[in-house]
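[1] return a 3D structure for these sequence lines:
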Amino acid sequence: VLVKFIIGTHGCDVPIEDREDPYSCKLLNISNPVLNQEIEAFTLPEDDTSVLSEDRVVSVHFKVLYPIVITSLGVFYDAKGVGFQRNITVKLYQAEQEEALFSARFSPPSCGVQVSRLWYKPVEQFILPEAGEGSLPHEFTQEGEILLQTLQSRSERFLNHMTKLEKEDALLKEESNIYDDIVFVDVVDTYRNVPAKLLNFYRWTVEAASFDVLLKTDDDCYIDLETIFNRIKLKNLGRPNIWWGNFRLNWAVDRTGKWQELEYPSPAYPAFACGSGYVISKDVVEWLASNSERLKIYQGEDVSMGIWMAAIGPKRYQDDLWLCEKTCESGMLSSPQYSAQELAELWRIKERCGDPCKCEEK
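    All right, here's what the predicted structure looks like:
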């Protein structure tokens, strides 16, 4: 049995407090605000008429990174001093909600207030929370100074973060030199890049290892290798064109939040194995490796794998003993979301009593 951890060669050089979200490595691009004044989030160049449209429906999507207060809705309209020539309705929606939070109607007799080439109408004040899809909290702290403090301390955070990254790199290299248990792949190590890490690892596996089946799991999972090997032999799961796991079917595509998917247009994903573990045969790994440069990356590794596998249709072997949630069941093959201390305790009980879920003291 060859066991390897897959780690990106590069850590994200942006501190998590300065990223657009915790899952990527994009710098949050904000400028110094003037306190107690409105901040212009989008500007229209004086000579740019491309955003002015006669289309019936025009939409703008945005993400809230800090709580904001909505006071007015506006519309781009180059009226050239003669007012509106048609009726226009502007509506504000929260993602994945069909009903508008509120709207403003602009018409020839009721144009609103003009500021440059935008016309505004007031609406009932409303607080949009940070990344607040789905629910609205009842209390908000409105501290404008916090944003300024965050910007002013950014350089110090970057320096401390780079020092931390250097220490992590040194420890990982030491671990790899001692135990030879790490494969470093050429990606920035963030959640959004996990599918790319996986494809890079499959390529390394085909080039550097001899194997019949490959087991993929996460480092927070309990994995019973002995039971897995026994089951492979019992069920003849070592044959070609096999994908063995616990599959999620008709799983809805999220358009917001951690699992936000903007690249896959369908409302539901193809079948995919939950992340606590799955086994694929060598020929499937070889197909993934040979096509790794061409396969499109989606928001998560599990759903990406499901989309990729839909192209070749390996034989799926459904097995509920690959647990998708943090529970303990006798005979389980895997169970996710444990701390290192919890995993050690599960194995301590398993070694003493043969079952990680129960142990009767003798």
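[2] can you give me the helices for this protein?
    Using DSSP state H, the helices of the chain run over residues 144-152, 154-179, 194-208, 225-235, 282-290, 301-310, 340-353.
[3] looking at those, which is buried most?
    Sort those by mean neighbour count, taking mean count of other C-beta atoms under 10 Å, and helix 301-310 sits at the top with a mean of 21. No exception for glycine: its C-beta is placed from N, CA and C like everyone else's.
[4] helices or strands next to that one in the packing?
    If contacts are counted by 3 or more C-beta pairs under 8 Å, 6 or more residues apart in numbering; DSSP states H and E, helix 301-310 sits against helix 194-208, strand 272-273.
[5] using CSV, list the CA coordinates for that helix.
    Extracted C-alpha coordinates of helix 301-310, given in CSV (Å, rounded to 0.1, in the frame of the first residue of the first chain):
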residue,chain,number,x,y,z
GLU,A,301,-13.3,18.1,-6.4
ASP,A,302,-16.2,15.7,-5.7
VAL,A,303,-18.6,17.4,-8.2
SER,A,304,-15.8,17.9,-10.7
MET,A,305,-15.1,14.2,-10.6
GLY,A,306,-18.8,13.5,-11.2
ILE,A,307,-18.9,15.7,-14.2
TRP,A,308,-15.7,14.2,-15.6
MET,A,309,-16.9,10.6,-15.0
ALA,A,310,-20.2,11.4,-16.8
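[6] contacts for that helix next, please.
    194-195, 197-198, 243, 248, 251, 259, 261, 264, 269-275, 278, 284, 288, 291, 295-298 (C-beta atoms under 8 Å, 6 or more residues apart in numbering).
[7] which among those residues count as buried?
    Buried subset of those (neighbour count, 16 or more other C-beta atoms under 10 Å): 194-195, 197-198, 243, 248, 251, 259, 261, 264, 269-275, 278, 284, 288, 295, 297-298.
[8] picking that back up, turn the helices and strands packed on helix 301-310 into a markdown table, columns for distance to residue 223 and mean pLDDT.
    Formatted as a markdown table, the helices and strands packed on helix 301-310 follow (distance: least, C-beta to C-beta, whole Å; pLDDT from 0 to 100):
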| stretch | distance to residue 223 | mean pLDDT |
| --- | --- | --- |
| helix 194-208 | 17 | 97 |
| strand 272-273 | 14 | 98 |
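[9] can I get the ones you listed in JSON lines including distance to residue 5?
    JSON lines is the format used below for the helices and strands packed on helix 301-310 (distance: least, C-beta to C-beta, whole Å):
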{"stretch": "helix 194-208", "distance to residue 5": "10"}
{"stretch": "strand 272-273", "distance to residue 5": "20"}
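[10] with adjacent residues omitted, what lies nearest to residue 278?
    Distances taken as C-beta to C-beta, 6 or more residues apart in numbering put residue 245 closest to residue 278, at 3.2 Å, once the chain neighbours are dropped.
[11] can you pull the contacts of the one you found?
    With contact set as C-beta under 8 Å, 6+ apart, residue 245 has these partners: 273, 274, 277, 278, 279, 316, 317, 318, 319, 322.
[12] residue 206 too?
    Going by C-beta under 8 Å, 6+ apart, residue 206 touches 285, 286, 289, 290.
[13] okay, and the helix or strand of the protein with the least pLDDT?
    helix 144-152 (a mean of 74; mean pLDDT, DSSP states H and E).
[14] between that helix and helix 154-179, how many degrees?
    Interaxial angle of helix 144-152 relative to helix 154-179 (axes from the mean of the first three to the mean of the last three C-alpha atoms, to 10 degrees): 60 degrees.
[15] low-confidence stretches in this structure?
    32-58, 66, 78-83, 95-96, 129-145, 361-362 (pLDDT under 70).
[16] and for the biggest strand by length in it, what are the contacting residues?
    In the chain, with assignment by DSSP state E, the single longest strand is strand 118-128. Residues from elsewhere that reach strand 118-128, judged by C-beta under 8 Å, 6+ apart: 44, 64, 67-77, 79, 84, 92, 94, 101-106, 111-114, 136, 140.
[17] kindly report the same for stretch 162-176.
    With C-beta under 8 Å, 6+ apart as the criterion, stretch 162-176 contacts 7, 11, 13, 181, 182, 184.
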